[in-house]
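Asks: kindly return the folded structure for what I paste below:
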Amino acid sequence: MKKILTLMLSLLVLLLPALALSETVTASFFPIYLFASNLLEGTEGIELHSLAQPQTGCLHDYQLSSGDLKALSNSDVFLINGAGMEGFMSFVFEAFPDLPLIDASTGIDLLPSESGETEYNAHIWLTPANASRMVQNLSDGLCASFPKAADTISANCSAYIQRLDALDKELRDGLSSLSRRDLLTFHEAFPYFARAYDLEIVAVIALEPEDPLSPAQLGHLVTLIRDHDLPPLFTEPQYPSLAADTLSRETGAPVYELNPCVTAPDGTVPLDWYEQIMRGNLAVLREALGAQ
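Replies: Below is the predicted model of the structure:
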């Protein structure tokens, strides 16, 4: 027994230097985790985790758990979306004043929020151009934090931005000739996308997922939809479509689904998951808005 314990202690001593080299990067939620996964591909000794579970969606009402606090206490770097998405940041600053922070929103031209809950619309990742800037911001911070991996991170960043630039051109070309350019959404996820590709969001219906439309809301929206000649209504897979279905029955406006890329697929997350989601959205928009 003593020999076994001695062997185990010897192995532990040998492993300690390797364990000490391991660094932990925590991303606030799935889109940031996905971008960081691309940047850290092929690096050694850096572990990436997502604070929020990959099916959480947006962090508007997210409350930090004891597990989250433990994860942050063990983190060497914390990556955030910024622009107000992480409403818990004041607590993080207070509890972990020395935790290095990388804000992906730096330098992005922010739109005001239409919900009234925050100053800015935080759904900045939903255009490839913004995503490129976010990836560059994350890359710059990660290179500074992990200089030994900087060459790999920088190369990954350049390759990823090339893919995002190609995606931007694909979206721009695919949305250049539409029969109509107006739509109505039930979450303020897509104003950046609309601004980038010259689409008009007639209205954003900011409801809690389980809330029905009030009679006054229903009357106003029915009139609005009819006045705009029945623009398509867009829901998101993370939220129930009750309000959209009600409006569709009342007006005849068709209902489609756009994906804001805030949840992970089952199993291993493909590094090109963002591109897959955006190409899916392109196909939906071309169908809904009448590509010519």
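Asks: can you tell me how far D151 is from D245?
Replies: Here the criterion is C-beta to C-beta, to the nearest Å. By it, D151 lies 52 Å from D245. (Glycine included, C-beta is placed from N, CA and C.)
Asks: repeat that for A253.
Replies: Distance from A253 to D245, by C-beta to C-beta: 11 Å.
Asks: which one of those two has more residues nearby?
Replies: A253 (21 against 13; other C-beta atoms under 10 Å).
Asks: that one and L233 touch, don't they?
Replies: Yes - if you go by C-beta atoms under 8 Å, A253 and L233 touch, sitting 5.3 Å apart.
Asks: any residues in contact with both of these two?
Replies: 184, 225, 247 (C-beta atoms under 8 Å, 6 or more residues apart in numbering).
Asks: any idea of the pLDDT on the last one?
Replies: Listed pLDDT for L247 reads 94.
Asks: how about the strand or helix carrying it: buried residues?
Replies: Assigned by DSSP states H and E, L247 belongs to helix 242-251. For helix 242-251, burial by neighbour count (16 or more other C-beta atoms under 10 Å) applies to 242-244, 246-248, 251.
Asks: R226 reaches L247, doesn't it?
Replies: No - in this structure, R226 is not within contact of L247 by C-beta under 8 Å, at 10.5 Å.
Asks: what about the protein, any weak spots by pLDDT?
Replies: 1-21, 207-210 (pLDDT under 70).
Asks: can you give me the strands for it?
Replies: Ranges of strands in the chain, per DSSP state E, are 23-27, 46-50, 77-80, 101-103, 182-185, 200-204, 233-235, 255-257.
Asks: how far away from the center of its chain is stretch 73-89?
Replies: Stretch 73-89 has its C-alpha centroid displaced from the chain centroid by 13 Å (C-alpha atoms, centre = their mean, to the nearest Å).
Asks: let me fix that, I meant to ask about stretch 264-273.
Replies: Per C-alpha atoms, centre = their mean, the centroid offset for stretch 264-273 relative to its chain is 13 Å.
Asks: stretch 280-292 too?
Replies: The answer for stretch 280-292 is 22 Å, by C-alpha atoms, centre = their mean.
Asks: kindly report the same for stretch 169-183.
Replies: 22 Å.
Asks: cool, and stretch 194-209?
Replies: The answer for stretch 194-209 is 17 Å, by C-alpha atoms, centre = their mean.
Asks: next: stretch 232-245.
Replies: Distance, centroid of stretch 232-245 to centroid of chain: 19 Å (C-alpha atoms, centre = their mean).
Asks: just the CA atoms of that stretch, as CSV, please.
Replies: Extracted in CSV, the C-alpha atoms of stretch 232-245 (Å, rounded to 0.1, in the frame of the first residue of the first chain):
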residue,chain,number,x,y,z
PRO,A,232,-44.0,38.3,-42.9
LEU,A,233,-43.8,37.6,-39.1
PHE,A,234,-40.6,36.2,-37.8
THR,A,235,-40.3,34.1,-34.6
GLU,A,236,-37.2,32.5,-33.1
PRO,A,237,-36.8,28.8,-32.1
GLN,A,238,-35.9,29.8,-28.5
TYR,A,239,-39.4,31.4,-27.9
PRO,A,240,-43.0,30.3,-28.2
SER,A,241,-44.8,31.6,-31.3
LEU,A,242,-48.2,32.2,-29.6
ALA,A,243,-48.3,35.9,-30.4
ALA,A,244,-47.2,35.4,-34.0
ASP,A,245,-49.7,32.7,-34.5
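Asks: buried set for that stretch?
Replies: For stretch 232-245, by 16+ other C-beta under 10 Å, it's 232-236, 238-239, 241-244.
Asks: same check, this time on stretch 268-276
Replies: The neighbour-count check on stretch 268-276 (16+ other C-beta under 10 Å) flags 273-275 as buried.
Asks: same check on stretch 171-178?
Replies: Buried residues in stretch 171-178 (16+ other C-beta under 10 Å): 171, 174-175, 178.
Asks: ok, back up a step: tabulate the buried residues of stretch 268-276 in CSV, adding columns for distance to F96.
Replies: Formatted as CSV, the buried residues of stretch 268-276 follow (distance: C-beta to C-beta, whole Å):
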residue, distance to F96
W273, 29
Y274, 28
E275, 33
